[in-house]
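> 3D model of this:
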Amino acid sequence: MLEAIGRNTLLLLHIANQMKRVVQAIEAIPRHVDVDVVRRDDALGDTWGLPLQACRSWNRSFGNMLQHVIFAGRPGLQRVINGQFVITFATSGMRVDEYNWHAFIKRDIHIQQAMVVSRANTGKNAHAKKCPFPGCVGEIAKGDRAGTW
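I've put the predicted structure just below:
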């Protein structure tokens, strides 16, 4: 019996020692990683902090991220694939597209994404100016390309 207690005590001391090593390793991990981000709000009511590094190129990185990460399996994917969306600066409302993206994209920029719809007044929500698509929390707004949500 005393022999078993001795073995268990040694085992517990070993486990305690290992736990101390784990705690030290966790404490050595940097708590704040400074990553430059682009804030993106969309018509579905979501806000994403996108890594600036992944937003440097419109076609190669930003466009792929929209299709394969942000809208994968969500409403609006087909519109993103077809280029039926508008990106604007949240502060000024200025439109940003693939032609001027590289000149304006920088850290801590805040952009908004709206989808282009062919008819703003469709369905039972026409008078409420609500998005006509299920699961969409956006509102219909007059845009420079048909209606946007």
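
> Going by C-alpha atoms from here, please, whenever you check contacts or count neighbours.
Fine.

> Provide the strand pairings for the longest strand out of those in the chain, with the direction of each partner.
What stands out as the longest strand in the chain, according to DSSP state E, is strand 110-117. Here strand 110-117 is paired, per DSSP bridges, with strand 37-42 (parallel), strand 85-89 (antiparallel), strand 147-148 (antiparallel).

> so how far is Glu27 from Val116?
48 Å (Cα to Cα, to the nearest Å).

> roughly how far apart are the residue nearest the centre of the chain and Leu66?
With distances taken as Cα atoms, centre = their mean, the residue of the chain nearest its centroid is Trp48 (2.8 Å). For Trp48, the distance to Leu66 equals 11 Å [Cα to Cα].

> rewinding a little: and of the strands paired with strand 110-117, who's closest to Phe71?
strand 37-42 (10.4 Å; Cα to Cα).

> what comes up buried for whatever helix or strand comes next after the closest one?
Once the chain leaves strand 37-42, the next helix or strand it forms, by DSSP states H and E, is strand 47-51. By 16 or more other Cα atoms under 10 Å, the buried positions in strand 47-51 come out as 50-51.
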